[in-house]
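Chemist: my questions are about this predicted structure, shown below with the sequence.
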Amino acid sequence: MRGTVSWILVASLVSLGTGRAFAQVDPLPSWNDGPAKQAIVSFVRATTDKASAQFVPPAERIATFDQDGTLWVEQPMYTPPEQVVGSAGATQFGCDKAGRPTLTKVPKLLLNDDKAGKPEGIHLVIGRRPVAAFGNSVGDKEMLEYTGAGGGARLMMLVHHDDAVREFAYGPASKRFSRSSTRVGMSERRRPASSRTPAV
């Protein structure tokens with residue numbers, strides 16, 4: 001299941017502003033410096049600065065996330081249904097015994113939200129190509145590729161679960177994905193709590 005959210009990940013970064021204020025405050029204080037953090041910060045700066053050639057208007061800031069294992073640990077969690085593009089079963093229009101119109105679920109899969117079904121669902125429900133996509137499995141490859149094929153600034157990130165101590169160690173190696181995706185290793189992403197600089 002994937003939640004489609006308009007810039008939920010970067011909302012806190014945007015609220016910090018751009019320019020001098022942005023440079024003075026570490027927008028991701030719990031992240032280690034490295035390619036993943038730099039990719040996020042650079043992407044947000046480029047797409048939220050109105051003077052940038054890569055500026056993305058707020059209404060077009062579509063980001064897609066594979067929820068389980070990307071936004072949180074592989075555990076079910078509630079997400080508002082209007083923010084979800086997921087597998088969908090078919091329904092059939094009819095009338096009940098009193099003649100009232102009804103929709104009845106039928107045993108037919110309309111959309112399988114995995115692999116190629118992810119970008120198909122994004123197009124069907126949102127009608128726009130995302131400018132950012134985040135995944136954590138081989139089932140997200142097509143979503144990341146679809147996002148990367150668009151014009152302008154793009155951000156594709158692959159969460160690699162390689163920290164069995166703080167989370168789980170599982171999933172694909174980043175080599176299974178396109179070179180344009182930035183790998184985010186769980187073991188390298190977060191700084192130990194004692195080394196974090198508090199945000200001002």
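Modeler: Received it, and whenever you're ready, just let me know what you need.
Chemist: ok, the closest residue to Asp113 other than its chain neighbours - contacts?
Modeler: By the measure of Cβ to Cβ, 6 or more residues apart in numbering, the closest residue to Asp113 outside its immediate chain neighbours is Ser87, 4.3 Å from it. Yep, even glycine has a C-beta here, placed from its N, CA and C like the rest. With contacts defined as Cβ atoms under 8 Å, 6 or more residues apart in numbering, Ser87 is in contact with Met1, Leu109, Leu111, Asn112, Asp113, Asp114, Gly117.
Chemist: can you add neighbour count and distance to Cys95 and give the residues you listed back as JSON lines?
Modeler: Output for the contacts of Ser87, formatted as JSON lines (neighbours: other Cβ atoms under 10 Å; distance: Cβ to Cβ, whole Å):
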{"residue": "Met1", "neighbour count": "15", "distance to Cys95": "32"}
{"residue": "Leu109", "neighbour count": "10", "distance to Cys95": "25"}
{"residue": "Leu111", "neighbour count": "17", "distance to Cys95": "26"}
{"residue": "Asn112", "neighbour count": "15", "distance to Cys95": "30"}
{"residue": "Asp113", "neighbour count": "19", "distance to Cys95": "31"}
{"residue": "Asp114", "neighbour count": "19", "distance to Cys95": "34"}
{"residue": "Gly117", "neighbour count": "21", "distance to Cys95": "32"}
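Chemist: what would those look like in a markdown table with pLDDT and distance to Gly152?
Modeler: As requested, the contacts of Ser87 are exported to a markdown table (pLDDT from 0 to 100; distance: Cβ to Cβ, whole Å):
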| residue | pLDDT | distance to Gly152 |
| --- | --- | --- |
| Met1 | 41 | 27 |
| Leu109 | 95 | 34 |
| Leu111 | 94 | 27 |
| Asn112 | 95 | 29 |
| Asp113 | 94 | 26 |
| Asp114 | 94 | 27 |
| Gly117 | 96 | 25 |
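Chemist: contact partners of the lengthiest strand in the chain?
Modeler: In the chain, assigned by DSSP state E, the strand with the most residues is strand 101-111. For strand 101-111, contacts defined as Cβ under 8 Å, 6+ apart pick out 86-96, 117, 120-121, 124.
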